[in-house]
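S.K.: prediction below, plus the sequence it came from.
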Amino acid sequence: MEYLLVIQFPMSSIEDFDELIAMEDLLIDGLTNGADVDGHDMGEGEGNIFIITEDAKATFEGVRAILGKRVIWPVMRAGYRRTDKDAYTPLWPIDLREFTVA
């Protein structure tokens, strides 16, 4: 089964866009085990990096290992859904109750 994992953070400046691209490049280079970085988007004050994977939770652990020390990590959010469904399951932060993509 395929999942879409979304890594999301607030964006309000060109510096935030540069950070989005830098993080996407790190994930492209660093993720393994069949995780495929599928691009990014931005809008309505948020940036998103999309990752196709067969194991969203394991892939997220890889994301955390790669990005967890970045300054922006404390405001990042993550959620995932089956690629054939619309509803997201919140994943990060641990107490997140709802996850949406604008």
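M.R.: Thanks, I have the structure now. Numbering: from 1, shown residues only.

S.K.: does Asp38 touch Asn48 like I think?
M.R.: No - counting by C-beta atoms under 8 Å, Asp38 stays clear of Asn48, with 10.5 Å between them. All C-beta spots, glycine's among them, are computed from the backbone N, C-alpha and C.

S.K.: mind listing the strands for this protein?
M.R.: For the chain, the strands defined by DSSP state E occupy 3-10, 36-43, 46-53, 77-82, 89-92.

S.K.: which positions within stretch 9-25 qualify as buried?
M.R.: Phe9, Met11, Asp16, Glu19, Leu20, Met23, Glu24 (16 or more other C-beta atoms under 10 Å).

S.K.: closest to Tyr88 out of those?
M.R.: Nearest to Tyr88, judged by C-beta to C-beta, of those is Phe9 at 15.5 Å.

S.K.: need the contact list for the closest one.
M.R.: Asp16, Leu20, Glu46, Gly47, Ile72, Val75, Met76, Arg77 (C-beta atoms under 8 Å, 6 or more residues apart in numbering).

S.K.: what's the burial count for Gly43?
M.R.: 10 (other C-beta atoms under 10 Å).

S.K.: and it, what are its bridge partners?
M.R.: Gly43 has the following beta-bridge partners by DSSP bridges: Glu46.

S.K.: who has more neighbours, Asp38 and Asn48?
M.R.: Higher neighbour count among Asp38 and Asn48: Asn48, with 19 against 13, using other C-beta under 10 Å.

S.K.: packing partners of the lengthiest helix in the chain?
M.R.: What stands out as the longest helix in the chain, according to DSSP state H, is helix 14-30. Identification of packing neighbours for helix 14-30 by 3 or more C-beta pairs under 8 Å, 6 or more residues apart in numbering; DSSP states H and E yields strand 3-10, strand 36-43, strand 46-53, helix 56-67.

S.K.: 7 Å - rerun?
M.R.: Counting contacts by 3 or more C-beta pairs under 7 Å, 6 or more residues apart in numbering; DSSP states H and E, helix 14-30 packs against strand 36-43, strand 46-53, helix 56-67.
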